[in-house]
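Novice: sequence-free structure coming up:
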């Protein structure tokens, strides 16, 4: 089931809206009707909601376009009832780059507020945002200004997953390594989260929700960075396989499929005249069976591209290279000699063992 509605592309970035956004629209209409508002005021409320999410979209585009400057792609932007999420393919680890990407979003809201201010100064008296039910032609712009300022303040809370948490980590990163900076920023964020929860019990219950959200976000970010640190600190030479399932180019796909079941592997190294000639994945075997039949030779179904990676390369860098080359298997070399093989399955096993060890 597709839970997101595709809206289009902006600067090559796919834009989606989650289906739960419809619940927000329904709630706004229901609340306005219960409050006795007429059709005109309901339309003003709905227009305000869509305008807010337009600002949220621009906020996320700010992050995405800044990330593009550092050659980091954004898979998509998804609009949710609680805001927007830009799915970056990676988070910049250089403090200067992360600082720029983190500040780009709030900067967009500041620009929107500065654009709105002259119109408000000339045409409307200053007011504050009092709720969707009170939106009309006389206070639409002032309320929008108030919301954009609130977005800046909220996002600059120095805690993950807020932009302020990433700003704090970037500033710490100028003096500390990435993992240490993340640990400190995450702990500070969790302290703030606890304060929010405590204050929420004595006043605004919404602060409890925000506090829990921040605490969990900080913990998730910390675990992610700790896991990434392991990938950066461990070389593929340390986890490579010196022996690996091999199959001859003259074998048939039927034989490959049989061995796939018996040996419970996901990749074969294809050998010709005693030397590596290519690779054959589980997906390649299934595709060959479906399209060519079981009598097809491995030579005709294998991937003839071979990726060679230095044994000193970190797992993180190796994964990036394998993904960019769309390879699930790579030859591990030392001084131009092949000493082993690494594949995605082996890396996944290593990560699973690390996760069990940490728990």
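Specialist: Nice, thanks for sending it over. Everything numeric here is computed off the predicted structure, so don't read it as measured data.
Novice: isn't residue 266 right up against residue 328?
Specialist: Yes: counting by CB atoms under 8 Å, residue 328 is a contact partner of residue 266 at 7.4 Å. (Each C-beta comes from the backbone N, C-alpha and C, glycine too.)
Novice: with neighbour numbers in mind, choose between these two.
Specialist: residue 328 (21 against 18; other CB atoms under 10 Å).
Novice: need the contact list for the nearest residue to that one once chain neighbours are set aside.
Specialist: Leaving out its chain neighbours, the residue that sits closest to residue 328 by CB to CB, 6 or more residues apart in numbering is residue 344, at 4.6 Å. For residue 344, the contacting residues are 266, 322, 328-329, by CB atoms under 8 Å, 6 or more residues apart in numbering.
Novice: over to residue 51?
Specialist: If you count contacts by CB under 8 Å, 6+ apart, then residue 51 has residue 144 around it.
Novice: that one and residue 288: what is the separation?
Specialist: Look at residue 51 and residue 288: by CB to CB, to the nearest Å, they are 54 Å apart.
Novice: and residue 280, by the same measure?
Specialist: Residue 280 sits 9 Å away from residue 288, going by CB to CB.
Novice: mean confidence for the longest helix that the chain contains?
Specialist: Scanning the chain for the longest helix, with DSSP state H as the assignment, gives helix 39-69. The average pLDDT for helix 39-69 rounds to 87.
Novice: just stretch 346-359 next, same as before
Specialist: 73.
Novice: cool, and stretch 255-268?
Specialist: Stretch 255-268 carries an average pLDDT of 84.
Novice: quick one: name whatever helix or strand follows whichever helix or strand residue 320 is part of.
Specialist: Using DSSP states H and E, residue 320 sits in helix 315-324. Next along the chain after helix 315-324, taking DSSP H and E as the criterion, comes strand 329-334.
Novice: can you point out the buried residues in that next one?
Specialist: Residues of strand 329-334 classed as buried by neighbour count (16 or more other CB atoms under 10 Å): 329-333.
Novice: what is the nearest of the residues you listed to residue 161?
Specialist: For these, the minimum distance to residue 161 (CB to CB) is 33.2 Å, reached by residue 330.
Novice: residue 307 is in contact with that closest one, correct?
Specialist: Yes: using CB under 8 Å, residue 330 is in contact with residue 307, at 4.2 Å.
Novice: for residue 161, which non-adjacent residue is spatially closest?
Specialist: Distance criterion CB to CB, 6+ apart; nearest residue to residue 161, sequence neighbours excluded, is residue 217 at 3.7 Å.
Novice: quick check: that neighbour vs residue 246, distance?
Specialist: Applying CB to CB, the value for residue 217 to residue 246 is 46 Å.
Novice: what about residue 338, which helix or strand?
Specialist: Assigned by DSSP H and E, residue 338 falls within strand 337-343.
Novice: rewinding a little: residues touching the residue nearest to residue 161, list them.
Specialist: Here residue 217 is in contact with 159-162, 165, 189 (CB under 8 Å, 6+ apart).
Novice: next, format those as JSON lines and append pLDDT, secondary structure and distance to residue 177.
Specialist: What follows is the contacts of residue 217, written out as JSON lines (pLDDT from 0 to 100; DSSP: H, G, I helix; E, B strand; the rest coil; distance: CB to CB, whole Å):
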{"residue": "159", "pLDDT": "86", "secondary structure": "coil", "distance to residue 177": "20"}
{"residue": "160", "pLDDT": "82", "secondary structure": "coil", "distance to residue 177": "17"}
{"residue": "161", "pLDDT": "78", "secondary structure": "coil", "distance to residue 177": "21"}
{"residue": "162", "pLDDT": "84", "secondary structure": "coil", "distance to residue 177": "22"}
{"residue": "165", "pLDDT": "89", "secondary structure": "helix", "distance to residue 177": "17"}
{"residue": "189", "pLDDT": "90", "secondary structure": "helix", "distance to residue 177": "18"}
